[in-house]
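Here is my input, please return the structure:
(2 chains)
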There are 2 protein chains.
Amino acid sequence: MTETPHPLYAAHAETLNRALHAISERGYWSAYPESPSPRVYGETAAADGEAAFQAYLGADFPLDQPGTADRVATEASPFGVDLAVRYPHAGPDELIAAATAALPAWRDAGPQARVGVCLEILDRLHKHVFELANAVQFTSGQAFVMAFQAGGTHALDRALEAVAYAYSEMTRHPGTADWEKPAGKGDPLRMVKTYHVVPRGVSLVIGCNTFPTWNSYPGLFASLATGNPVIVKPHPLAVLPLAITVRYAREVLAEAGFDPNLVLLAAEAPDEKLASTLATDPAVKIVDFTGSTAYGDWLEANARQAAVYTEKAGLNTVIIDSTDDFAGLCRNLGFTLTLYSGQMCTTSQNILVPAAGIETDQGHKSLDEVAQGIAAAVGKLTGDPARGVELTGAIVNEGVLRRLDEVAGVGEAVLPSRTVEHPKFPKAVVRTPTIVKLGADAGQTYDREWFGPISFVIGTDSTEHSLEIFRDTVGRQGALTASVYSTDPAVLDAAEKAAVDVGVHLSCNLTGGVFVNQSAAFSDFHASGANPAANAALTDGAYVANRFRIVQSRRHA
Amino acid sequence: MTETPHPLYAAHAETLNRALHAISERGYWSAYPESPSPRVYGETAAADGEAAFQAYLGADFPLDQPGTADRVATEASPFGVDLAVRYPHAGPDELIAAATAALPAWRDAGPQARVGVCLEILDRLHKHVFELANAVQFTSGQAFVMAFQAGGTHALDRALEAVAYAYSEMTRHPGTADWEKPAGKGDPLRMVKTYHVVPRGVSLVIGCNTFPTWNSYPGLFASLATGNPVIVKPHPLAVLPLAITVRYAREVLAEAGFDPNLVLLAAEAPDEKLASTLATDPAVKIVDFTGSTAYGDWLEANARQAAVYTEKAGLNTVIIDSTDDFAGLCRNLGFTLTLYSGQMCTTSQNILVPAAGIETDQGHKSLDEVAQGIAAAVGKLTGDPARGVELTGAIVNEGVLRRLDEVAGVGEAVLPSRTVEHPKFPKAVVRTPTIVKLGADAGQTYDREWFGPISFVIGTDSTEHSLEIFRDTVGRQGALTASVYSTDPAVLDAAEKAAVDVGVHLSCNLTGGVFVNQSAAFSDFHASGANPAANAALTDGAYVANRFRIVQSRRHA
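So this is what the prediction gives:
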């Protein structure tokens, strides 16, 4: 620990302290206002951000790092906008060499300086949050407000949360200690001990298509704060949000006198398999990944020299037993299924309902009535294309469209998916959610993830049977979210017990403005690390503690 | 968290608080007095403990757990004492079934109750510390005082340290939180959130021959405190210390109303490969291991379903540049090489000295004079057999004898190993340390671990060359300890920089009563997890944080 705080640490100490308080209390807190309103961000912020985004299109992305001699452009916008941004194209060896060379001075700067620089990077990104939001929107297919929140302010909150955990963990031990052991009649033994926080090595963050910033920031900033240079390997279809992130991170690093190669962009050409090459390099000691189960499992099996943190697929499940607010249930679930066309790792897929129907404040509802109620809520949100697309956004990639085609041949569509013409972006690929009714015996269909606007209402023998299916399917396949609706405390308790047993976070009776697919930084843990859908949580002690080690020296006082 | 503290938590809250303070300050502290003096432990404690130990010999070990229908006896004492203790011999399936069944109630008891029970177990073991010390002595070959300390009180301190970290980590988040998010003009969104601390699953601790308790307790108690049932698989030659541990742990668990199968002994028949079977069982989610690099690497590669914590072999290195206390240097190093015949994972092996000699308070000393000075110190400690064996103890197993034979054909023996007749135990296998002089070009010899009373004085071109060899060998092979002697602050700094780069703990200028092969609980980290000799440290946040997960539920307030 330096005796005079680093100026960037001093500048952001209050934010850090509030974040440290928040992660220990887990109540509501946010550092970055989630409303894109001009009253919050100023009259010109939105236009300025959009202009900054537009300036990137069809041009060499301004990044002074290895790889600028060659360029790659791989993005295709779900909104049909021509992006054609050309990124530096570095080879794995030059990326790793540059990152490795940057490590010692960053390590030796100590926790306070590193955390100060990280918080300054977040502050810089926040100043460019509209630019970032546009980049997220047009690469992921999220509608603007969601891109601003999930891709901008909420991502920054998650990053700050990770930095706070990292700081807390790095400073749980002092930098030095005096040790004095009594030695009988003689003088005590006296030692002075120094505890160095030492990073693991080069860190690799592998981004995803749908949430390029939100899912990458915790790993990126947890690794950077703990002293590891970070190579950011974006999804080839969602490079821009992370390129912007790398740009401003490097800018701040250079201003603070550090090697900007502490954060590097690893854009790749098609079929280059750069992630696999980097992830198995001996110098890479940490890998963060969000994406498919197949590739996450591959990383865990093959990147053996690294600590690997993965978020993969799962079977997000809703157990409907009864409700005292049927309309609220339908509205709430309808919104969850509609938001970003269900293309969230947290969107519910399997909705388990007794085939004999449920009791509600509106009397008994049959299985079909429950399914139709949810379908009607989705229909209402998507009926008007202009308003609907501000919720659904666009379809992120071909994989989702293929699954929509496939599911059309399965079960009974309570709600078919519709193609919608986007009022502002005529080439946008927009599809509304489909809801398919299945029997409990259709495990061959619902026992795998159908990522996208696809959910199943599954008729079960009883709520007890629903809980059995929940335990079985989520126990084997994992899940990021689970939800239960019941007026019976015993059922809520049984669901909570089942959720604890299979290790998935549970939301109970959501009928208002909180949705199962949304988690709040500083309060909700995202993923649990306790089931096959993810081996880590965003963000807790375990997520940061093994990103550095302590190396000690001792000498007599 | 329960509202009324568990009585065992309340009983030990002060000890826990002192331990929590100690791990955050890292100064000197110990909970269990290390002196076996009757003034501390009472006049009859030593005799009572020895009698309790004797009562186990040649008998069925009193343990009421799965496997009592069959018995195994596999121990052979380094002191030549006939042990013949017969342990329950359970199959892997029945062990895992019993452990799994015990999990839910232990999990649901919560952190305070679990930590209270763990502290009561430590207290119970402390009451039987002489019994434990005898068991460690006669299975590991440690002399009595060392067995009492390293195998008894220091092991208990390390266990308490692990429990304190586990408690700290489990309670860094509250059990419940109120979350209230402003919602514009409307009512705020209000949720109540519950955070369940959920264990990973069954935990397996694989003990070693030399330190059956010290190296097993941190993993055992870290796992147990965080909610995981623990299967204790002792080394076949050092079962008794862990059988005694399991006995008293089960006693306390049962008294506290928990399933005693939360702690199980997995004694095995020769060549049964029980550790491998258990370590790769899908139910086993945590593995702690101390032992060979080959088997540690095998576990890391194959126990893929588990978090694997390993401590393996390394090249503990001393860099001698100069000293202002040559006699102290020789005494200190001589003691380190002699203690437990160098059979510690922390004993120095490679002593790097400039071939041209060093400057000392006694004037220039040639390489040979340095080697002879250390050899003379060893000779003085081992010259009188009766006093010598109280330091060296006995040779733990055949592997050490084989290496002693092998090394006799290598280099120039500055100090040959001698066979000593133990005054009290005529069948004891006692050997004094050997010191072999090598050139820096003899990497084929010194570039691997020679576990046992074997060390090399290696003539280098210069201290700079010594540091290069240190960086190269420890960088590739790892180490648990490193040490430097110099009167030049620049050399100390260079050594510290090298130690940080290769990730090994460094001791500087030890000439008094602190030895490089000893680490103090609550202050010194044992291993760093930052080099190939170990992937974890005893004990830090990373060692405990991933032994449990948090599973959350939320509902509207």
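
State the distance from residue A:542 to chain B.
4 Å (CB to the nearest CB, to the nearest Å). C-beta here means a position set from N, CA and C on the backbone, and glycine is covered the same way.

ok, the most centrally placed residue in chain A - contacts?
Centre of chain A computed as the mean C-alpha position; nearest residue by CA atoms, centre = their mean is residue A:215, 2.6 Å away. Applying CB atoms under 8 Å, 6 or more residues apart in numbering or on different chains to residue A:215 gives the contacts A:207, A:208, A:290, A:311, A:345.

what about the first one, how many neighbours?
When neighbours are counted by other CB atoms under 10 Å in any protein chain shown, residue A:207 registers 30.

hang on, isn't it packed against residue A:217?
No - the pair residue A:207 / residue A:217 is not scored as a contact, 9.8 Å apart, by CB atoms under 8 Å.

can you give me the helices in the stretch 51-200 of chain A?
A:92-127, A:129-140, A:144-148, A:154-170 (DSSP state H, counting those that start in this stretch).

Chain B is nearest to which of those helices?
Chain B lies closest to helix A:154-170 among the helices of the stretch 51-200 of chain A, at 5.5 Å (CB to the nearest CB).

next one: the closest one to chain centre, how far?
13 Å (CA atoms, centre = their mean, to the nearest Å).

That one vs chain B: in contact?
Yes - judged by CB under 8 Å from any CB of the partner chain, helix A:154-170 comes into contact with chain B at A:168, A:169.

what's that helix packed up against?
Applying 3 or more CB pairs under 8 Å, 6 or more residues apart in numbering or on different chains; DSSP states H and E, we find helix A:154-170 packed against helix A:7-25, helix A:92-127, helix A:217-225, helix A:541-545.

Give me the distance between the two termini of stretch A:307-322.
43 Å (CA to CA, to the nearest Å).

and that stretch, is it in reach of chain B?
No - on the criterion CB under 8 Å from any CB, stretch A:307-322 is out of touch with chain B, staying 9.4 Å away.

pLDDT averaged over that stretch - what is it?
When pLDDT is averaged along stretch A:307-322, the result is 97.

And for stretch A:202-219?
Mean predicted confidence for stretch A:202-219 is 98.

Run the chain-centre distance for it.
7 Å.

Span of that stretch from start to end?
Using CA to CA, the gap from the first to the last residue of stretch A:202-219 comes to 12 Å.

thinking again about what came up before, kindly compare burial across the helices and strands packed on helix A:154-170 and name the winner.
Mean neighbours per residue, mean count of other CB atoms under 10 Å in any protein chain shown, is largest over these for helix A:217-225, with a mean of 30.

Parallel or antiparallel, which strands does the helix or strand just after that helix pair with?
Following helix A:217-225 in sequence order, the next helix or strand is strand A:230-233 (DSSP states H and E). Partner strands and pairing direction for strand A:230-233 (DSSP bridges) are strand A:202-206 (parallel), strand A:263-265 (parallel).

Convert the helix or strand that comes right after the shortest one to PDB, retaining C-alpha atoms only.
In other words, strand A:263-265. As assigned by DSSP H and E, the chain's next helix or strand after strand A:263-265 is helix A:274-279. What follows is helix A:274-279, C-alpha atoms only, in PDB (Å, rounded to 0.1, in the frame of the first residue of the first chain):
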ATOM      1  CA  LEU A 274      -8.600 -17.100 -31.600                       C
ATOM      2  CA  ALA A 275     -10.400 -17.700 -28.300                       C
ATOM      3  CA  SER A 276      -9.300 -21.300 -28.200                       C
ATOM      4  CA  THR A 277      -5.700 -20.400 -29.100                       C
ATOM      5  CA  LEU A 278      -5.500 -17.700 -26.400                       C
ATOM      6  CA  ALA A 279      -7.400 -19.700 -23.800                       C
END
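
Report all helices and strands that helix A:274-279 contacts.
On a contact count with 3+ CB pairs under 8 Å, 6+ apart, helix A:274-279 meets helix A:92-127, strand A:202-206, strand A:230-233, strand A:284-290, helix A:293-302.

Residue numbers of the stretch 201-350 of chain A in contact with chain B?
Contacts of the stretch 201-350 of chain A with chain B, taken as CB under 8 Å from any CB, map to A:300, A:301, A:304.

possible to save those residues as a markdown table with pLDDT and neighbour count?
Below are these laid out as a markdown table (pLDDT from 0 to 100; neighbours: other CB atoms under 10 Å in any protein chain shown):
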| residue | pLDDT | neighbour count |
| --- | --- | --- |
| A:300 | 94 | 18 |
| A:301 | 93 | 11 |
| A:304 | 94 | 13 |
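
can you tell me which of these lies nearest to residue A:87?
The closest of these to residue A:87 turns out to be residue A:300 (CB to CB; 28.0 Å).

Grab the nearest non-local neighbour of the closest one.
Among residues not flanking residue A:300 along the chain, residue A:308 sits closest, at 5.2 Å (CB to CB, 6 or more residues apart in numbering or on different chains).

Just confirm the one you found contacts residue A:298, I think it does.
No - contact criterion CB under 8 Å: residue A:308 and residue A:298 do not qualify, at 10.1 Å.

ok, the two, which is more surrounded?
The neighbour count for residue A:308 versus residue A:298, taken as other CB under 10 Å, is higher for residue A:308 (21 against 16).

Could you verify that the more buried one is part of a helix?
No - assessed with DSSP: H, G, I helix; E, B strand; the rest coil, residue A:308 is strand; it does not lie in a helix.

Show the contacting residues for it.
A:279, A:286, A:287, A:289, A:299, A:300, A:535.

Distance check, the residue nearest to residue A:10 when sequence neighbours are not counted against residue A:517.
Spatial nearest neighbour of residue A:10, chain neighbours left out: residue A:116 (7.3 Å); criterion: CB to CB, 6+ apart. Separation of residue A:116 from residue A:517 (CB to CB, to the nearest Å): 34 Å.

What of residue A:269?
34 Å.

now residue A:219
From residue A:219 over to residue A:517 the distance is 21 Å, taken as CB to CB.

ok, back up a step: using CSV, lay out the helices and strands packed on helix A:154-170 together with distance to residue B:488.
Formatted as CSV, the helices and strands packed on helix A:154-170 follow (distance: least, CB to CB, whole Å):
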stretch, distance to residue B:488
helix A:7-25, 34
helix A:92-127, 21
helix A:217-225, 35
helix A:541-545, 36
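
before we move on, what SS does residue A:318 have?
With three-state DSSP as the basis, residue A:318 sits in strand.

count of neighbours near it?
Using other CB under 10 Å, residue A:318 is surrounded by 28 other residues.

what sits against it?
So residue A:318 contacts A:333, A:348, A:350, A:351, A:352, A:482, A:483, A:484, A:485, A:516 (CB under 8 Å, 6+ apart).

what kind of secondary structure is the last one in?
If I follow you right, that is residue A:516. Look at residue A:516: counting by three-state DSSP, its state is coil.

The fifth one now?
Three-state assignment for residue A:352 (three-state DSSP): strand.
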